[in-house]
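Visitor: show me how the following folds:
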Amino acid sequence: MKKWDLIATATFGLEAVVARELRNLGYQDLEVENSRVLFKGSAADICRTNLWLRSADRVLIRMGEFKALSFEELFEKTKALPWEELLTEDAEFPVQGKSIKSKLFSVPDCQAIVKKAIVERLKQKYKREWFEETGPRYRLEVGILRDIVTLTVDTSGQGLHKRGYRQLANQAPLKETLASALVALSYWNTGRYLIDPFCGSGTILIEAAMQGLNIAPGLNRAFDAEAWPQISKDIWEKAKSEARAATKNVDFRLIGYDIDEQVLSIARHNAQLAGVGEYIDFHRRPFSEFSTKTKYGCIISNPPYGERMGERRDAQSLYREMGKRFKELDTWSIYILTADEEFEKLYGRRASKKRKLYNGRIKVDYYQYYGPRPPS
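Guide: All right, here's what the predicted structure looks like:
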């Protein structure tokens, strides 16, 4: 079976999390780079990684990588690649592009040249002058960074954060892939309590429940590569059947609080769609009433950032209150995602560890306060 050069793309800061997920799935010989993890895999591996990767953005096939300083060089090196091994005679193949710090800086020109080069290659294979592009979709990207061209084909289609359960969301939802990474970077497991005191539409808790139950995040959605003749329906069905069989039967409870009942209704709806509604209790409760009698547990939360000036003052006041209330939870592990660079000062305590991440285009930090290990 043919092995492809595959790329699991990742938001900056999550590359190590994605690499760990791949290793847990059995993949070795990984190359971890900025915003991507490279590995080799077959058609079955394309199915498996799309279904199982929780923190990656997409799974791409890398068709080629080379240096190009001129449009002629871009054309010839693109044309030299074996596009006929992947693109069918009726393939729809739109070309997107990006160029950073490169001599070939005109993205529209680069896209047009790559498209033309591929068409010329396919003409030689299929012995025709015109392609209708009415068949399966293969989304191509020409990415140029410091004159190095990477040509990829997207197997995922919609980003992998589109799990299918979040049909409703609040105004500033946390991406599912980032929420899953926050849980993976914590000490939470199904034997410990988990509370999100600012749960919003419930994404962190839903992702935690899916991890706890070992539910493959891609089971309830479709992928572009499902329509490709190179990957048979039998291969896809086998991967999905194995994923369904891997679901665990575990008993645990997660708790989400928020002040907005309408948002909590969305959270309950999302949790039901994700198949984890019975594992999460959502309650309307202001943070001023937060309390717990449980000795050990985890708090993972993405509280309001307060991007505007008035809101920022409110958010900073909230961080001070969090520091006072959480001070009593000295046996808990607490994880807070925020864009406020003064968080530690406002909270009143330096984090055990801080990790720089991005929530969309907002630079954020993940402040991790480690509690002691619970007794066995």
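
Visitor: can you identify the element that follows the longest strand belonging to the chain toward the C-terminus?
Guide: If you go by DSSP state E, the chain has its longest strand at strand 58-67. Sequence order places helix 71-79 as the next helix or strand after strand 58-67, per DSSP states H and E.

Visitor: quick one: mean pLDDT over whatever helix or strand comes next after that next one.
Guide: Going down the chain from helix 71-79, the next helix or strand is strand 95-100, by DSSP H and E. Per-residue pLDDT over strand 95-100 has a mean of 97.

Visitor: now do stretch 305-313
Guide: Averaged over stretch 305-313, pLDDT sits at 66.

Visitor: go on, stretch 275-287?
Guide: pLDDT averaged over stretch 275-287 gives 97.

Visitor: list the buried residues in that stretch.
Guide: Buried residues in stretch 275-287, defined by neighbour count with 16 or more other C-beta atoms under 10 Å: G275, V276, G277, Y279, I280, F282, R285, F287. No exception for glycine: its C-beta is placed from N, CA and C like everyone else's.

Visitor: straight-line length of that stretch, end to end?
Guide: End-to-end distance for stretch 275-287: 28 Å, by C-alpha to C-alpha, to the nearest Å.

Visitor: correct me, but P303 touches F198?
Guide: Yes. The pair P303 / F198 is scored as a contact, 4.4 Å apart, by C-beta atoms under 8 Å.

Visitor: could you find the closest non-adjacent residue to T11?
Guide: Excluding the flanking residues, the one nearest T11 by C-beta to C-beta, 6 or more residues apart in numbering is Y358, at 5.5 Å.

Visitor: quick check: the one you found is in a helix.
Guide: No. If the criterion is DSSP: H, G, I helix; E, B strand; the rest coil, then Y358 is strand and not within a helix.

Visitor: just give me the neighbour total for it.
Guide: Neighbours of Y358 under the rule other C-beta atoms under 10 Å: 15.

Visitor: one more: L213?
Guide: By other C-beta under 10 Å, neighbour count at L213 equals 18.

Visitor: what of Q316?
Guide: Neighbours around Q316, by other C-beta under 10 Å: 17.

Visitor: please apply the same query to F343.
Guide: For F343, the neighbour count with other C-beta under 10 Å is 23.

Visitor: can you give me the distance of it to R312?
Guide: Going from F343 to R312 by C-beta to C-beta, to the nearest Å gives 12 Å.

Visitor: again, but for L318
Guide: From L318 across to R312, the span is 10 Å (C-beta to C-beta).

Visitor: which regions of the stretch 51-200 of the chain sit below the pLDDT cut-off?
Guide: Residues of the stretch 51-200 of the chain that meet the criterion pLDDT under 70 lie in 168-172.

Visitor: got the contact list for the residue of the chain most remote from its centre?
Guide: Largest separation from the mean C-alpha position in the chain: K127, at 40.7 Å (C-alpha atoms, centre = their mean). Contacts for K127 (C-beta atoms under 8 Å, 6 or more residues apart in numbering) come out as none.

Visitor: likewise P173?
Guide: If you count contacts by C-beta under 8 Å, 6+ apart, P173 has them with R166, G200, S201, T203.

Visitor: can you pick out the most distant pair from the residues you listed?
Guide: Using C-beta to C-beta, the pair of those lying farthest apart is R166 and G200, separated by 11.2 Å.

Visitor: tell me the SS of C47?
Guide: Classification of C47 by three-state DSSP places it in helix.

Visitor: likewise for the one 3 residues further on?
Guide: Put simply, N50 is helix when judged by three-state DSSP.

Visitor: can you tell me how far it sits from A19?
Guide: Using C-beta to C-beta, we find N50 at a distance of 17 Å from A19.

Visitor: between these two, point out the one with more neighbours.
Guide: Between N50 and A19, N50 has the larger neighbour count (other C-beta under 10 Å), namely 27 against 21.

Visitor: quick one, what contacts that one?
Guide: Residues counted as contacts of N50 (C-beta under 8 Å, 6+ apart) are V59, T155, S156, L160, G218, F223, A225.

Visitor: my guess is Y279 meets A209, correct?
Guide: Yes. The pair Y279 / A209 is scored as a contact, 4.7 Å apart, by C-beta under 8 Å.

Visitor: residues shared between the contacts of those two?
Guide: Counting by C-beta under 8 Å, 6+ apart, the residues touching both Y279 and A209 are F252, L254, A271.

Visitor: ramachandran coordinates for the second one?
Guide: Read it as L254. As for L254, its main-chain torsions (degrees, to the nearest 10) stand at phi -120, psi 150.

Visitor: that one against Y279, yeah?
Guide: Yes. Between L254 and Y279 there is a contact at 6.0 Å, judged by C-beta under 8 Å.
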